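*Asks:* build me a model from this:
(chains A, B, C and D)
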2 protein chains.
Amino acid sequence: MCDKSIKDLVDHYIHVSFSVNKIAEGMIKEEISSDLTNDQHYTLRYINKVGTCTSSELAEVFDVKKSAITAIITRLWEKGLILRTRDENDRRLVHLSLTEEGDELFRKTEERIQALVGSFIEKFDQDEIVQFLKTYDKLNEILTDRKSRVE
Amino acid sequence: MCDKSIKDLVDHYIHVSFSVNKIAEGMIKEEISSDLTNDQHYTLRYINKVGTCTSSELAEVFDVKKSAITAIITRLWEKGLILRTRDENDRRLVHLSLTEEGDELFRKTEERIQALVGSFIEKFDQDEIVQFLKTYDKLNEILTDRKSRVE
DNA sequence: GGTTAATAGTTAAACAGTTGAACAGTTAAA
DNA sequence: TTTAACTGTTCAACTGTTTAACTATTAACC
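*Replies:* Numbering: from 1, shown residues only, chains lettered A, B, ... in the order given. Next up, the predicted model:
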């Protein structure tokens, strides 16, 4: 049916992903900005998921330099949301984890974001959204692969 | 087959979109950072697309305050990439357009980004990518709708 | 074992991007 | 004509980012 050129597909993808990202980031911000920035929330989410991690691990996942992580972690630490624990076996390492307050605040903001995103996801057939996520996963794998091969 | 709960779908979406965005932004940056930041490129792209626009229009599209646009436009203007022209009929308005250099630089960076994104898009069946974009478009519409209704 | 490498994290300076509030200039409305 | 609304800018303050230099610690090697 449609024989769109690669360039058209690329244009289309760039346009729609840009638009969705801008609007979605804006809405999340609206939802949680009284408590946290979006990046701070993403940081809490990652630590909540893995339980404990290091700065280097965060730098890898967020694709930024370690000093950027130090800055963001220090801000969360100043708010009393994060614990920094030196490893006794390898004293170079600092293990990061959520404090009680951090855990609580994450849950509170995450709940609002879940409700927000859920209200959009609900508008799709389950089949459609599952297929969409399948392709999105594949794209994610391709990018992750390429990234690891470049480094 | 799969009867995933809304929460699982939302978790899945948040995770994969976060990962894809981080990696993609990083790769684009790698490709063009010697000339422009990602946001500067997006700004040139928008102006290139519409030919001429105002700060307020950019603020609307980028979903930020006007003072943020002033800052980014001033940087591009200092580099000689953008023209600021006062409207003679309504002297409040400033029309933004690309200079020759701006146009040239946009083309150069855009070419590299097209090649980059194209190399990923190519790995999919055309049917799969078209279906993906269809769902992505639908999501974009829903978000745009909701945003305009909130304001 | 002692010197050299590599690793984990921090600090500091510099910059891009963002907001909010105050402002100037201009146009529209009353 | 006065008042209200709008467009864009400036400024101070903040978050997030990089690069480079640094500290402290561990690993490797001769």
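*Asks:* what's the closest non-adjacent residue to the one residue sitting closest to the centre of chain A?
*Replies:* Taking CA atoms, centre = their mean, the centroid of chain A lies closest to residue A:42, which sits 4.5 Å from it. Using CB to CB, 6 or more residues apart in numbering or on different chains and skipping residues adjacent in sequence, the residue nearest residue A:42 is residue B:18, 6.5 Å away. Where you see a C-beta, it was placed from the backbone N, CA and C, and this is true even at glycine.
*Asks:* can you check residue A:147 too?
*Replies:* Nearest residue to residue A:147, sequence neighbours excluded (CB to CB, 6+ apart): residue B:23, at 5.5 Å.
*Asks:* what of residue A:20?
*Replies:* In space, residue A:20 is closest to residue B:140, 5.2 Å off (CB to CB, 6+ apart).
*Asks:* now swap in residue A:94 and tell me
*Replies:* Residue nearest to residue A:94 in three dimensions, not counting chain neighbours: residue A:84, with 5.2 Å by CB to CB, 6+ apart.
*Asks:* may I have the host helix or strand of that neighbour as PDB, with CA atoms only?
*Replies:* Using DSSP states H and E, residue A:84 falls within strand A:82-86. Extracted as PDB, the C-alpha positions of strand A:82-86 are listed here (Å, rounded to 0.1, in the frame of the first residue of the first chain):
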ATOM      1  CA  ILE A  82      18.900   9.300  49.700                       C
ATOM      2  CA  LEU A  83      21.400   7.400  51.800                       C
ATOM      3  CA  ARG A  84      25.100   7.300  50.900                       C
ATOM      4  CA  THR A  85      26.800   4.200  52.400                       C
ATOM      5  CA  ARG A  86      30.500   3.500  51.900                       C
END
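*Asks:* what about the residue nearest to residue A:147, which SS state?
*Replies:* helix (DSSP: H, G, I helix; E, B strand; the rest coil).
*Asks:* per-residue confidence at it?
*Replies:* The per-residue pLDDT reported for residue B:23 equals 94.
*Asks:* wait, a helix at residue A:75?
*Replies:* Yes: assignment of residue A:75 by three-state DSSP places it within a helix.
*Asks:* on that earlier part again, got the angle between the helix or strand where the residue nearest to residue A:20 lies and helix A:126-150?
*Replies:* Per DSSP H and E: residue B:140 is located in helix B:126-150. Going by axes from the mean of the first three to the mean of the last three CA atoms, to 10 degrees, helix B:126-150 is angled at 110 degrees with respect to helix A:126-150.
*Asks:* ok so, going back, each with direction, which strands does the strand holding residue A:84 pair with?
*Replies:* strand A:94-98 (antiparallel) (DSSP bridges).
*Asks:* just the buried residues of the partner strand, please?
*Replies:* Residues of strand A:94-98 classed as buried by neighbour count (16 or more other CB atoms under 10 Å in any protein chain shown): A:94, A:96-98.
*Asks:* do it and DNA strand D meet?
*Replies:* No: residues of strand A:94-98 contacting DNA strand D under CB under 7 Å from any atom of the strand: none, with a closest distance of 10.8 Å.
*Asks:* who touches that strand?
*Replies:* With CB atoms under 8 Å, 6 or more residues apart in numbering or on different chains as the test, strand A:94-98 has contacts from A:44, A:47-48, A:51-55, A:58, A:73, A:81-87, A:106.
*Asks:* I'd like to know which of the residues you listed are buried.
*Replies:* A:44, A:47, A:53-55, A:58, A:73, A:81-83, A:106.
*Asks:* pick the one among these closest to residue A:8.
*Replies:* Nearest to residue A:8, judged by CB to CB, of the buried ones among the contacts of strand A:94-98 is residue A:58 at 37.5 Å.
*Asks:* any idea how far the nearest residue to the closest one once chain neighbours are set aside is from DNA strand C?
*Replies:* Distance criterion CB to CB, 6+ apart; nearest residue to residue A:58, sequence neighbours excluded, is residue A:69 at 4.8 Å. Going from residue A:69 to DNA strand C by CB to the nearest atom of the strand, to the nearest Å gives 7 Å.
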